[in-house]
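> model this:
(one chain, ligands or ions: 1)
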Amino acid sequence: MARQRLNSGNAAEKELPKAKLNKQSLQNVGRLLKYIQPYRAKFFGGLVFLILSSLTGLAFPGFFGALIDAAQGKQRYAFIPANLTTIGEIAITVLFLQGFISYFRITWFVQVAEQSLADIRRDTYFKMVTLPMDFFANRRVGELNSRISADLSQIQDTLTTTIAEAIRQLIILVGGIILLTIVSIKLTFALLVVLPFLIAVAMFFGKFIRNLSRQAQDKLAESNTIVEETLQGIANVKAFVSEAFEANRYDRNLREVVNLAVRGSKYRGMFGAFIVFCLFGVIFCEIWYGSYLVSIHDHGFTFGKLTTFIVYAAFISAAMGSLPDLYANIQKAVGSSERVLEILNEQGEPISITETDNNIKQTLKGNLSFRHINFHYPSRPEIEVLKDVTLEAKAGQKVAIVGPSGSGKSTMASLILQFYHPQSGTMLFDGAPVSDYALTDIRNQVAIVPQDVLLFGGSIFENIAYGKRNASREEVIQAAKRANAHQFITGFPEGYDTIVGERGVKLSGGQRQRIAIARALLKNPAILILDEATSSLDSESERLVQEALEELMKGRTSIIIAHRLSTIREADQIVVLEKGRIIESGTHEELISHEQGLYRYLSQLQFDATA
Ligand SMILES: Nc1ncnc2c1ncn2[C@@H]1O[C@H](COP(=O)(O)OP(=O)(O)OP(=O)(O)O)[C@@H](O)[C@H]1O
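This next block holds a predicted model:
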């Protein structure tokens, strides 16, 4: 059942949108049910036990009535002797059986839900990471994350409890009404006329109150944002003497929270009064009328029958009350399933979930050509980022790409890595078009040392070994030595097992780069892309990184996206990119001799800046 929000202090919890239940949406959900298939024996076993336990649950009001009548020497049912001990023994046996059945029903449902959900989670995650880059450009990471967490949790809740609960309550409702009519048609009729009406009013009221408290929660979340923002920017608050201004802003917000909460409390009070008066009033009237029927011996109506009736009435009111919430939960789960399916239905990149399938099948020598490539990002078709780009890099050559910010240098790197594909023109590896290669073959043989090296939260060892998953400790150490990283790594007390990132040591920019270089060395790619860091390192760190890069570039094609022109003088070829077009290309000497050339101009700018 959905949790009630009682006051504004409850943590704000994002409501998942509901979906309409129709043929289409149910068909969609049906497609997720294939994940239950492997565990269907347990699922159906659980269902049978669920039906059994709900039916046995319905026997209890009968036992209560039989006990009360037996105490007065009356026989309630022909098949149960009017003997307190016998009734007790039968009831306890049924209770024991029900407990036994419930145990299996609960564990089996939870097991099926956990296992099938883990499968859905794995597939959704795998699908997400194999989706083309463009997919990520159009979506926020938070939104994708919520599919894996909130949406899948909703489906899990529904599978573990909501479905079972809905079936149980339906059995109780239908069974309860049938049994009630057997006990007393008059009382059942009276009950069924009033109860649905009362429940509808209670539902409507409940929804209204929930809305009010949600508004209060949203306001409270807003005021929490004020606290967060001001604490994060505390230096600004102090520098502008905004303490009083912020405190007043916070206070105004809090007052609004209180106003909303107070308004809500009035309605909640009315709701409480309504429940007490109407709902308990109905129960009281039923007992009143029932007692009257007992007193006039109406068709042998006994106190035992009255008790049975009251307990059944309580059962079916609870069932009626819980069904709308259960229905809403199922609607939410259908909405969640649709959103998860949206991802599962996306076209991913051709990468297998079995690691060995992704091993290199065709080795690359390192010849790379761009032929008349035109490219725009799919999300921004109106901006042509690369225009008629033609470039030839022979195996083992160093080719530098220079140009102003935004000219398209990193975009060229993305195209080599096959993150995007050109709209026209061809890219060739060793003279063959990319379509001749498996995507994984290209990516496995191209390595990038990016500007901003992002390390994962694990150990230094794991971060280097990311370049080659089955690398031995010796290989990792060897790569670190060649990348000038061994010395600083062994300087940490835990050496290669030092945890990096938030929970471990923070590495400097130069250290992170050397780890990335070690990682690339281990990968041993045919083609290397160096996206030179724009932020400069101190000269000692710079020397260590530069040396490591030289080591890394040996014997492979290197595409260097250069910001400091001093580092690329030795390049075999330098191409100058401006607004997506190659406007000059040649060696350093050739380009510097162009009087009006952009390269010469940029070199002079940097020379002047460093002079
Ligand atoms: N994912 C993307 N979606 C849409 N447009 C993009 C995307 N990435 C880059 N662009 C645009 O493409 C153009 C080229 O960007 P790119 O990053 O390739 O330039 P750059 O030469 O590497 O710049 P810098 O030297 O500043 O890194 C820019 O106008 C940029 O706004």
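> I'd like the distance between the closest residue to Val340 other than its chain neighbours and the ligand.
Closest residue in space to Val340, ignoring its immediate chain neighbours: Asp151 at 5.4 Å, by CB to CB, 6 or more residues apart in numbering. Every residue, glycine included, has its C-beta placed from N, CA and C. Using CB to the nearest ligand atom, to the nearest Å, one gets 26 Å for the distance from Asp151 to the ligand.
> wait, what's in contact with Asp151?
Leu16, Ser336, Ser337, Arg339, Val340 (CB atoms under 8 Å, 6 or more residues apart in numbering).
> State the pLDDT value of the last one.
Put plainly, it is Val340. On the pLDDT scale, Val340 is placed at 88.
> Give me the neighbour count for it.
23 (other CB atoms under 10 Å).
> again, but for the third one
The number of residues packed near Ser337 is 26, by other CB under 10 Å.
> Would you state the helices of the stretch 401-550 of the chain in chain order?
409-416, 439-444, 460-465, 473-482, 486-491, 509-523, 539-553 (DSSP state H, counting those that start in this stretch).
> How about the residue of the stretch 51-200 of the chain found nearest the ligand, nearest residue that isn't a chain neighbour?
Across the stretch 51-200 of the chain, no residue is closer to the ligand than Ala137, which sits at 4.5 Å (CB to the nearest ligand atom). Spatial nearest neighbour of Ala137, excluding adjacent residues (CB to CB, 6+ apart): Ser379 at 5.0 Å.
> Give me the three-state assignment for Ile360.
Secondary structure, DSSP: H, G, I helix; E, B strand; the rest coil: Ile360 is coil.
> That one: what's it in contact with?
Thr440, Asp441, Asn444, Gln445.
> Of the residues you listed, select the buried ones using a PyMOL command.
Buried residues among those (16 or more other CB atoms under 10 Å), as a PyMOL selection:
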select buried, resi 440+441+444+445
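> got the domain boundaries for this protein?
Domain assignment for the chain by automatic domain parsing gives 17-184+322-352, 185-300, 363-445+559-611.
> Need the ones you listed in TSV (columns: distance to Val453).
Formatted as TSV, the domains of the chain follow (distance: least, CB to CB, whole Å):
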stretch	distance to Val453
domain 17-184+322-352	19
domain 185-300	26
domain 363-445+559-611	14
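> between these, which one is nearest to Asn524?
domain 363-445+559-611 (8.7 Å; CB to CB).
> what's the distance between the most centrally placed residue in the chain and Thr161?
The chain has Ile148 as the residue nearest its centroid, 2.5 Å off, counting by CA atoms, centre = their mean. When distance is defined by CB to CB, to the nearest Å, Ile148 is 20 Å away from Thr161.
> same thing with Gly467?
45 Å.
> neighbour count winner among the two?
Applying other CB under 10 Å to Gly467 and Thr161 shows that Gly467 carries more neighbours, namely 21 against 18.
> tell me which residues in the worst-scoring helix or strand of the chain on mean pLDDT are buried?
Taking mean pLDDT, DSSP states H and E as the measure, the chain has helix 141-146 as its least confident helix or strand, at a mean of 75. Buried residues in helix 141-146, counting neighbours by 16+ other CB under 10 Å, are found at Leu144, Ser146.
> One more: stretch 464-480?
Ile464, Ala465, Tyr466, Gly467, Lys468, Ala471, Glu475, Val476, Ile477, Gln478, Ala479, Ala480.
> who's in contact with the second one?
Ala465 makes contact with Ala471, Val476, Arg519, Leu522 under the criterion CB under 8 Å, 6+ apart.
> which one among these gets closest to the ligand?
Distances from the ligand to the contacts of Ala465, taken by CB to the nearest ligand atom, are shortest for Arg519, at 21.4 Å.
> and the closest one, what does it touch?
Ala447, Asn463, Ile464, Ala465, Tyr466, Gly467, Ala479.
> Just put those residues in TSV and tack on pLDDT.
Shown next, in TSV, are those (pLDDT from 0 to 100):
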residue	pLDDT
Ala447	93
Asn463	92
Ile464	93
Ala465	93
Tyr466	91
Gly467	87
Ala479	93
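> Tell me the residues of the chain that contact the ligand?
By CB under 6 Å from any ligand atom, the residues of the chain that approach the ligand are 137, 377, 379-380, 385, 403, 405-411.
> Which entries within the residues you listed meet the buried criterion?
Here, 16+ other CB under 10 Å leaves Val385, Gly403, Ser407, Gly408, Lys409, Ser410, Thr411 buried among the residues of the chain next to the ligand.
> Next, format the residues you listed as JSON lines and append pLDDT.
Listed next are those as JSON lines, based on pLDDT from 0 to 100:
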{"residue": "Val385", "pLDDT": "96"}
{"residue": "Gly403", "pLDDT": "90"}
{"residue": "Ser407", "pLDDT": "93"}
{"residue": "Gly408", "pLDDT": "94"}
{"residue": "Lys409", "pLDDT": "94"}
{"residue": "Ser410", "pLDDT": "92"}
{"residue": "Thr411", "pLDDT": "95"}
